[in-house]
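Engineer: Okay, sequence plus prediction incoming.
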Amino acid sequence: MPDHPQSSVTEPAGEFRETFLYWIEDPEHHATVRRFGDLFGQLIGEAQLVVRNPREHPPTGIWVCEFIRAALLDAAHLRTELAEVADNVGAPLPANEVRLMIAVADLMPEFDAWIGRLRAGLDAATAAAAGKDAADAD
Amino acid sequence: MPTDSKRSTVFRESFLALFEQPEHEAALRLIGKVLTSLVWEGKDLLDAPASTPRSTRLRDAKCAVGDLHQAVDMLSEIGQQVDDGFKRETTRLMLAIADAADEVEPIADRLDAAFTRFLATPEPEE
């Protein structure tokens, strides 16, 4: 399995996930797809006809909530990955791997609490914004 | 908005959320699936060296920490988008989210440091 030092956010990944880019093994291909992801994001940004354009359609409360929820879903993806790592806790592991597991396990409750707080706040805000946006539309 | 299991494995959800037309978003999700298949099939064609499952999982998780940093930046930026055009409730939410992003940044940094330390250690001989 290759190690891609360039994956450590030294170059922009654009709209591609790091977890996708990682699987592209050849460093040259990896760098090309990474650059394409960045270019693709810029092209989409320029093509304002297909994306939500704040200048023409000022974001409503509900849209802001949906966008935040999407970013939160991206953040929560880490939790899935770490849970897979933690599945191997019972296996005989080298000392450095055990140390990593302990470090991850120590941080997980904090991370879970953060996600939980944010989701609860967002659900409340979404419900409030849905009512408000509907009232404004009437 | 997809559930965790329906999430695109290629594109960030915060990117897909920008698309106004549901069919455009759906098309990109499909392209993401095709890209994933292509990469996996290409690996066979290229006769890639066998990977170590343990390293793979951990390195993949480290990449997910990279994605967390990106998501946190995105949440942070939402707070910077506040202007007079937003309703008071929306502005309050945007500022609260930016504060929440600041809260999680140290957690992401500590995870990143733990993975970096681990990956810098040579793998023990089998």
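Structural biologist: Now that the structure is in, tell me what you want to look at. What you are looking at is a predicted structure, and each value in this text was computed from that prediction instead of being measured. Numbers count the residues shown, from 1 in each chain, chains lettered A, B, ... in the order given.

Engineer: The nearest residue to A:E110 once chain neighbours are set aside: neighbouring residues, count only.
Structural biologist: Sequence neighbours aside, B:I107 is the residue nearest to A:E110 in space, at 5.6 Å (criterion: CB to CB, 6 or more residues apart in numbering or on different chains). All C-beta spots, glycine's among them, are computed from the backbone N, C-alpha and C. The local packing of B:I107 (other CB atoms under 10 Å in any protein chain shown) involves 19 other residues.

Engineer: what about A:D38, how many residues close to it?
Structural biologist: Neighbour count for A:D38, taken as other CB under 10 Å: 16.

Engineer: Is chain B within reach of the helix or strand hosting it?
Structural biologist: Assessed by DSSP states H and E, A:D38 sits inside helix A:27-46. Yes - using CB under 8 Å from any CB of the partner chain, helix A:27-46 reaches chain B at A:41, A:44.

Engineer: Return the set of buried residues in the helix or strand following that helix.
Structural biologist: Using DSSP H and E, the next helix or strand after helix A:27-46 towards the C-terminus is helix A:61-86. Across helix A:61-86, burial judged by 16 or more other CB atoms under 10 Å in any protein chain shown covers A:61-78, A:81-82, A:85.

Engineer: Tell me the helices and strands packed up against the helix holding A:D38.
Structural biologist: Contacts defined by 3 or more CB pairs under 8 Å, 6 or more residues apart in numbering or on different chains; DSSP states H and E place helix A:27-46 against helix A:18-21.

Engineer: for the helix it packs on, packing partners?
Structural biologist: Packed against helix A:18-21 by the contact rule (3+ CB pairs under 8 Å, 6+ apart) you find helix A:27-46, helix B:22-45, helix B:53-80.

Engineer: swap the cut-off to 6 Å and go again
Structural biologist: Packed against helix A:18-21 by the contact rule (3 or more CB pairs under 6 Å, 6 or more residues apart in numbering or on different chains; DSSP states H and E) you find helix B:53-80.

Engineer: where does chain B dip in pLDDT?
Structural biologist: Flagging of chain B using pLDDT under 70 yields the residue ranges B:1-7, B:42-57, B:122-126.
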